[in-house]
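Enquirer: Prediction below, plus the sequence it came from.
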Amino acid sequence: MTTAMPSCLTCRHFHAHRIETVCDAFPGNANGLRPGEPGIPTEIILGRHDHLSPYPGDHGILYEPSDDADLTFAPGRFATDRRVSA
């Protein structure tokens with residue numbers, strides 16, 4: 001079985017929260033400062049948009065690999081292999 005992994009997990013802007021999937025580009029309401037603002041869009045989470053180019057509402061912040069990222073799951077030009085076999 002092959003499963004796609006969200007590239008957000010390798011991005012330096014990603015923040016792991018228990019309730020919301022958020023990052024610097026799409027902070028949602030994780031800090032209580034932006035009521036009603038959603039977290040990371042489904043299109044990005046599901047890999048339909050790799051976020052190497054602008055996406056509406058991203059505040060000009062794009063994907064950048066984190067310093068310790070396993071680039072196996074990174075999008076586009078950063079990717080080494082985007083799939084994992086189970």
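Expert: Now that the structure is in, tell me what you want to look at.
Enquirer: Now do the helices in this protein.
Expert: Taking DSSP state H as the test, the helices found in the chain are 42-45.
Enquirer: Please name the nearest non-neighbouring residue to G39.
Expert: Computed as CB to CB, 6 or more residues apart in numbering, the closest residue to G39 that is not its neighbour in sequence is G28, at 3.5 Å. For the C-beta atoms, the positions are set from N, CA and C on the backbone; glycine is no exception.
Enquirer: ok, now which ones touch R48?
Expert: Taking CB atoms under 8 Å, 6 or more residues apart in numbering as the criterion, R48 is in contact with T42.
Enquirer: if I look at it, how far off is I19?
Expert: 23 Å (CB to CB, to the nearest Å).
Enquirer: Can you give me the pLDDT of the residue lying closest to Y55 once chain neighbours are set aside?
Expert: Distance criterion CB to CB, 6+ apart; nearest residue to Y55, sequence neighbours excluded, is H49 at 5.6 Å. On the pLDDT scale, H49 is placed at 89.
Enquirer: Same question for R12.
Expert: According to the per-residue confidence, R12 scores 91 in pLDDT.
Enquirer: Point out where the chain drops to low pLDDT.
Expert: Within the chain, the segments meeting pLDDT under 70 span 1-5, 18, 29-37, 69-86.
Enquirer: Go again with 90.
Expert: In the predicted model, the chain carries pLDDT under 90 at residues 1-10, 15-22, 26-51, 57, 65-86.
Enquirer: for it, what spans make up the strands?
Expert: Counting by DSSP state E, the chain forms strands over residues 2-4, 14-16, 21-23, 83-85, given from the N-terminal end onward.
Enquirer: Sheet-wise, list the partners of the third one with their directions.
Expert: Put plainly, it is strand 21-23. Using DSSP bridges, strand 21-23 pairs in its sheet with strand 14-16 (antiparallel).
Enquirer: picking up where we left off before, the residue nearest to G39 against H15, yeah?
Expert: No - judged on CB atoms under 8 Å, G28 makes no contact with H15 at a distance of 9.3 Å.
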